[in-house]
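1. okay, sequence plus prediction incoming.
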Amino acid sequence: MEPQLQPQPRLVSVDLVRVFAMALMVQGHTLDVLLTPQVQSASWYNFWLFCRGFTAPIFMTLAGFSFALATSKKWTDHIQFGSPVYKRIRRFAFFVLLGYAMRFPVHSVRDLKWVAPEHWQTFLQVDVLQTTGFTLIALQLLVLALRSKKLFIGVSLALSFSIAFMAPLAWNSGLIQSLPLAMRSALVGTGGSLFPLIPWSAYLFFGAAAGFSYTMYRQSKTSLLRLAIPVGMVLMLAGVKLEHASHALYGDASFWPSTPHLFITRIGFVMTVMGLATFIEGFVRPKASTIRSLAEESLLVYFVHVALLYGSMWNPGVKQYMGGTMGFSHAYVFVLLMISSMMTMAYFWNRAKKGYPTPSYAFRTAIFAVAAIAIA
């Protein structure tokens, strides 16, 4: 059994990258909703879409990295079944439940019998929350099974690259296509899922392996993260150079959603950004608590801004009123307003939870109760 680690200070650099990704996420969704079709057909828009594709890998890699940090701090609590393990599995399962709830196909469970097949397909499509929740549960079960950090690193890395490199084959597998819709939609994107487990869980497995590697070298943490810059840049270059090889090896079917060369490019980008954040960290230490307050509310920001922009079963969204009506300059003013409002909400809600835990808990309970009653 490995020794229990003493709690380590929270990494400001990880929080910085998460806040950066939050801003990118809000920007991407807002422009997607507001820009006119003419703007979206401009030559630069495809390049912007490519850059936007780095947002989800940042969140997923950091989710795996943070899982490793939290597990290492209380290692003995997480290698055996007990209250800490049950509690975190419930929390991860909540991510899955929330992800499906955001696509609930009717306003009331009484209307489920009238749901058309295409609406069931939409409901079962997997997004970031479900894939993150499912993979974090798998990571915790892997910790329980292996009970060794070194073995966990090796297995997680092997799973990460195996999932990434076998993704094109899985997407075109007759066996997977024959599975029930719920399982097929969770595994691959042929049913419309934007972030299926294959290949997106690979980022969480990679992040978890990187996180445990980080915790095992305490004396050189800063140098390890700064080493991420050259390593990340090499990976990005390798990913770009492998595009033609990927085309030749896997063909063009489902190429962009599943190609391994994009996985290599994206993890290289994430590593580079994390390395750069270690340099910035030295200039923001007096504001570390603010950055942490923002980073801790990434789930809240995701849920609220998606509901505001795209709508939900409870509300119409900006898309229904102003979708596709703005040029770039006007849309970006709206982007800045959205980012500012989401960060302000995150900061004050985080402060409220910590300063007034009982009222904030009662408020959250009331929100969930009202939502449950609304769909009953």
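-> Looks like it arrived, so ask away.

2. buried set for stretch 51-63?
-> Neighbour-count burial for stretch 51-63, counted by 16 or more other CB atoms under 10 Å, picks out R52, F54, T55, A56, P57, I58, F59, M60, T61, L62, A63. Bear in mind the C-beta positions are built from the backbone N, C-alpha and C, glycine included.

3. and the fourth one, how far from N46?
-> From A56 over to N46 the distance is 18 Å, taken as CB to CB, to the nearest Å.

4. wait, which of the buried residues of stretch 51-63 is closest to F303?
-> Lowest distance from F303 to those (CB to CB) belongs to F59, with 13.4 Å.

5. ok, now which ones touch the closest one?
-> F59 sits next to R18, A21, M25, V128, T132, S298 when contact means CB atoms under 8 Å, 6 or more residues apart in numbering.

6. now, which of the buried residues of stretch 51-63 lie within helices?
-> The helices, defined by DSSP state H, take in R52, T55, A56, P57, I58, F59, M60, T61, L62, A63 from these.

7. my guess is S298 meets F20, correct?
-> No - S298 is not in contact with F20 according to CB atoms under 8 Å; the separation is 11.0 Å.

8. can you show me the helices along the stretch 101-250 of the chain?
-> With helices called from DSSP state H, counting those that start in this stretch, the stretch 101-250 of the chain shows them at 117-124, 128-146, 149-171, 174-177, 181-187, 197-215, 221-241, 243-250.

9. and the contacts of the second one?
-> Yep, that's helix 128-146 we're talking about. The set of residues that contact helix 128-146 without belonging to it, under CB under 8 Å, 6+ apart, is 56, 59-60, 63-64, 67, 71, 78-81, 85, 88-89, 92-100, 102, 152, 155-156, 186, 194-197, 200-201, 204-205, 208, 299, 302.

10. of all the contacts of F59, which comes closest to Y356?
-> Distance ranking of the contacts of F59 against Y356, using CB to CB, places S298 first at 21.3 Å.

11. what ranges of the stretch 101-250 of the chain fall below the confidence cut-off?
-> Counting by pLDDT under 70, the stretch 101-250 of the chain has low-confidence residues at 218-226.

12. got the phi/psi numbers for the nearest residue to V115 once chain neighbours are set aside?
-> Counting by CB to CB, 6 or more residues apart in numbering, V115 lies nearest to P105, which is 5.0 Å off, once chain neighbours are set aside. The phi and psi torsions at P105 (degrees, to the nearest 10) take the values phi -80, psi -10.

13. what is the burial count for P105?
-> Using other CB atoms under 10 Å, P105 has 17 other residues around it.

14. how about V106?
-> A count of neighbours around V106, defined by other CB under 10 Å, yields 15.

15. for it, grab phi and psi.
-> According to degrees, to the nearest 10, the main-chain angles of V106 amount to phi -140, psi 170.

16. wait, L235 sits on F263?
-> No - under the contact definition of CB under 8 Å, L235 does not touch F263, with a separation of 9.7 Å.

17. who has more neighbours, the two?
-> Relative neighbour count places F263 above the other of L235 and F263, with 25 against 21, counting by other CB under 10 Å.

18. excluding chain neighbours, give the residue nearest to the more buried one in space.
-> Closest residue to F263 apart from its sequence neighbours, by CB to CB, 6+ apart: A164 at 4.0 Å.

19. need the contact list for that neighbour.
-> When the contact criterion is CB under 8 Å, 6+ apart, the partners of A164 are P199, A202, P260, F263, I264.

20. quick one: it and Y203, what's the gap?
-> 9 Å.

21. now L144
-> Distance, L144 to Y203, by CB to CB: 22 Å.

22. tell me which of the two has more neighbours.
-> Each of L144 and Y203 has its neighbours counted (other CB under 10 Å); Y203 has more, 29 against 13.

23. no further queries at this time; thank you.
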